[in-house]
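Asker: I need the structure of the sequence given here:
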Amino acid sequence: MSRRSGGADLPLHGGRVPMWLAGRMSRLGAVIAQAIIHHYGRDEFLRRLSHPFWFQSFGSVMGMDWHSSGITTSVIGALRRGLEPLSSELGLHVCGGRGRHSRQTPAQLLEIGQRTGLDGEELGQASRLVAKVDSAALQDGFDLYLHSFIVADDGKWVVVQQGMNESRRLARRYHWLSEGLEGFLDSPHTAIEGRSGGHIINLADRQAARSRSGQLDLLRDFGPDRITDEAAKLADYAKASPAAPPQGQLPFLIMPEHHEVRSDNVILRRLHGALAAAAERGPEDFSSLLLTPGIGSRTVRTLAQVAEVVHGAPCRFDDPARFSLALGGKDRHPYPVPLKVYDKTIEILKSAVESARLGNDDRLAAISRLDEASRRLERTATGPSFEEYVDAERSASAEYGGRSVFGEEPPVPAGQKRISA
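Answerer: Numbering: from 1, shown residues only. Okay, here's the model as predicted:
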């Protein structure tokens with residue numbers, strides 16, 4: 001059965017993803033998708049995209065702003081660019097996007113239907129219904145501006161939509177999954193993300209079936225003018241009545257307003273587990289199995305966190321900020337993006353996936369063992385404090401090709417240490 005799985009605050013952030021990061025996000029996103037599909041199948045990748053916590057962590061591990069609304073647009077764009085050349089191989093197609101791209105979705109689905117034999121008209125109808133439910137039937141104060149429809153060759157799909165509330169500077173993301181979907185008007189969402197903005201009119205909830213039926217009866221029996229008069233009387237009555245007690249809310253993943261990553265945004269024992277796994281498994285697996293020149297401990301640490309995005313259970317993604325510690329962030333939070341490490345990570349993952357396609361799973365299995373070791377070692381592992389870890393990354397940033405929207409990171413003068421923000 002489809003279900004709501006919670007939500008998160010997403011502060012509105014402006015700006016664009018620079019080209020030096022956008023291309024890398026496309027390559028890394030595509031190879032992570034390939035690894036997940038190889039290990040767990042295409043259906044599981046669609047389920048991951050419909051999980052709001054995993055989606056946020058996925059964007060964080062690719063070097064985007066760890067908490068902002070921009071993750072939605074950038075991740076969808078990266079997948080569209082990265083998976084398009086692989087659409088025939090993987091049987092996945094990413095349609096829509098932000099603004100004018102969202103309006104092209106039905107036409108894109110028709111074209112995909114002609115190539116794959118799917119019913120493009122039916123898929124287009126599903127796209128329009130999903131958008132209407134979240135823009136009209138669910139009146140929560142957020143105006144939709146992004147609609148993305150990811151469909152597989154077997155007709156299964158996932159939708160990721162996002163709306164904004166400009167007055168509150170917040171965004172809300174909505175996730176849909178076709179698996180188990182019995183209709184569009186009985187609690188169909190797998191998740192809704194966003195801070196509570198007061199009373200929400202959700203006519204897509206199964207408990208609103210009588211309300212939907214009653215509204216149709218009112219319109220038929222009284223007409224719009226009579227309804228308008230009665231609504232005005234009800235509004236006056238509500239102002240004079242005591243407030244009703246608040247209703248229970250679904251749990252939300254709170255994405256704070258502050259831009260920097262702070263220690264209380266990260267579950268430190270999980271970070272220590274990844275560091276310990278890189279130290280323990282790195283020399284054994286990556287020297288003897290991958291034999292890739294230039295692999296150092298820094299790259300293995302990143303691979304340990306990427307491995308968790310590929311293999312981790314849903315409960316592992318309740319602190320998306322932790323995944324920004326793999327490859328930093330474009331706005332220099334928690335530290336500049338280390339381009340040399342980024343490129344080496346893509347190279348290793350791509351090599352492992354290509355070997356797996358040829359029947360040799362040893363390299364992907366080595367990466368999988370990093371995740372297994374991380375979960376095992378986090379119970380006992382110790383390591384640096386969050387501040388010490390970030391300070392070390394910032395001090396070594398120039399060595400790793402650190403870059404942000406502010407430019408390339410200069411070397412730290414001898415005898416000095418770069419302090420984290």
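Asker: May I have the phi/psi pair for residue 151?
Answerer: phi -120, psi 140 (degrees, to the nearest 10).
Asker: Over to the closest residue to it other than its chain neighbours: give its phi and psi.
Answerer: If the residues on either side of it in the chain are set aside, residue 151 comes closest to residue 157, at 4.2 Å by C-beta to C-beta, 6 or more residues apart in numbering. Yep, even glycine has a C-beta here, placed from its N, CA and C like the rest. Main-chain torsions, residue 157, degrees, to the nearest 10: phi -150, psi 160.
Asker: hang on, isn't residue 157 packed against residue 175?
Answerer: No: at 11.7 Å, residue 157 does not count as touching residue 175 under the criterion of C-beta atoms under 8 Å.
Asker: still on that earlier bit, next, the contact list for the residue nearest to residue 151, please.
Answerer: Contact analysis of residue 157 by C-beta atoms under 8 Å, 6 or more residues apart in numbering lists 46, 123, 126, 149-151, 177-178.
Asker: Reformat those as JSON lines; add secondary structure.
Answerer: Formatted as JSON lines, those follow (DSSP: H, G, I helix; E, B strand; the rest coil):
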{"residue": "46", "secondary structure": "helix"}
{"residue": "123", "secondary structure": "helix"}
{"residue": "126", "secondary structure": "helix"}
{"residue": "149", "secondary structure": "strand"}
{"residue": "150", "secondary structure": "strand"}
{"residue": "151", "secondary structure": "strand"}
{"residue": "177", "secondary structure": "strand"}
{"residue": "178", "secondary structure": "coil"}
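Asker: Among those, which one sits closest to residue 165?
Answerer: Taking C-beta to C-beta as the measure, residue 165 lies nearest residue 149 of the contacts of residue 157, at 23.3 Å.
Asker: So in terms of bridging, what pairs with the closest one?
Answerer: On the basis of DSSP bridges, residue 149 takes part in beta bridges with residue 95, residue 159.
Asker: burial of it, as a residue count?
Answerer: Applying other C-beta atoms under 10 Å, we find 27 other residues in the vicinity of residue 149.
Asker: how far away is it from residue 105?
Answerer: Using C-beta to C-beta, to the nearest Å, we find residue 149 at a distance of 5 Å from residue 105.
Asker: which residues do the two both contact?
Answerer: Shared contacts of residue 149 and residue 105, defined by C-beta under 8 Å, 6+ apart, comprise 95-96, 127.
Asker: Show me where the stretch 51-200 of the chain has its helices.
Answerer: All helices of the stretch 51-200 of the chain, identified by DSSP state H, counting those that start in this stretch, fall at 52-61, 70-83, 87-90, 100-103, 105-116, 120-132.
Asker: Can I get the last one in CSV? Just the C-alpha atoms.
Answerer: Output of helix 120-132 as CSV, limited to C-alpha atoms (Å, rounded to 0.1, in the frame of the first residue of the first chain):
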residue,chain,number,x,y,z
GLY,A,120,1.7,7.2,-23.1
GLU,A,121,-1.8,8.7,-22.8
GLU,A,122,-2.4,6.8,-19.5
LEU,A,123,1.0,7.9,-18.1
GLY,A,124,0.3,11.5,-19.2
GLN,A,125,-3.1,11.3,-17.4
ALA,A,126,-1.3,10.0,-14.2
SER,A,127,1.1,12.9,-14.5
ARG,A,128,-1.7,15.5,-14.7
LEU,A,129,-3.7,13.9,-11.9
VAL,A,130,-0.7,13.9,-9.6
ALA,A,131,0.0,17.5,-10.3
LYS,A,132,-3.7,18.4,-9.7
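Asker: tell me the mean pLDDT over it?
Answerer: The average pLDDT within helix 120-132 is 89.
Asker: what does the fourth one give?
Answerer: Averaging pLDDT along helix 100-103 gives 88.
Asker: Show residues contacting it.
Answerer: Here helix 100-103 makes contact (C-beta under 8 Å, 6+ apart) with 96, 131, 144-148.
Asker: change it to 7 Å
Answerer: Identification of contacts with helix 100-103 by C-beta atoms under 7 Å, 6 or more residues apart in numbering yields 96, 146-147.
Asker: Below-threshold pLDDT in the stretch 151-300 of the chain: ranges please.
Answerer: For the stretch 151-300 of the chain, the stretches flagged by pLDDT under 70 are 180-254, 283, 286-294.
Asker: same thing but 80
Answerer: Counting by pLDDT under 80, the stretch 151-300 of the chain has low-confidence residues at 180-256, 281-295.
Asker: about what we covered before: quick check, nearest of the contacts of helix 100-103 to residue 262?
Answerer: residue 146 (27.9 Å).
Asker: nearest spatial neighbour of that closest one, skipping sequence neighbours?
Answerer: Nearest non-adjacent residue to residue 146, counting by C-beta to C-beta, 6+ apart: residue 162, 4.2 Å away.
Asker: need the contact list for residue 61.
Answerer: With contact taken as C-beta under 7 Å, 6+ apart, residue 61 is in contact with 305-306, 309, 323, 326-327.
Asker: try 10 Å this time
Answerer: 28-29, 32, 302, 305-306, 308-310, 320, 322-327, 345 (C-beta atoms under 10 Å, 6 or more residues apart in numbering).
Asker: so how far is residue 113 from it?
Answerer: If you measure residue 61 against residue 113 using C-beta to C-beta, the figure is 33 Å.
Asker: ok, now residue 97?
Answerer: Taking C-beta to C-beta, one finds residue 97 at 19 Å from residue 113.
Asker: Can you get me a residue count around residue 15?
Answerer: For residue 15, the neighbour count with other C-beta under 10 Å is 11.
Asker: Next one: it, what pLDDT does it get?
Answerer: 80.
Asker: still on that earlier bit, is the residue nearest to residue 146 in contact with residue 145, as I believe?
Answerer: Yes: Residue 162 is within contact range of residue 145, at 6.6 Å (criterion: C-beta atoms under 10 Å).
Asker: list the buried ones in stretch 160-171?
Answerer: For stretch 160-171, burial by neighbour count (16 or more other C-beta atoms under 10 Å) applies to 160-165, 170-171.
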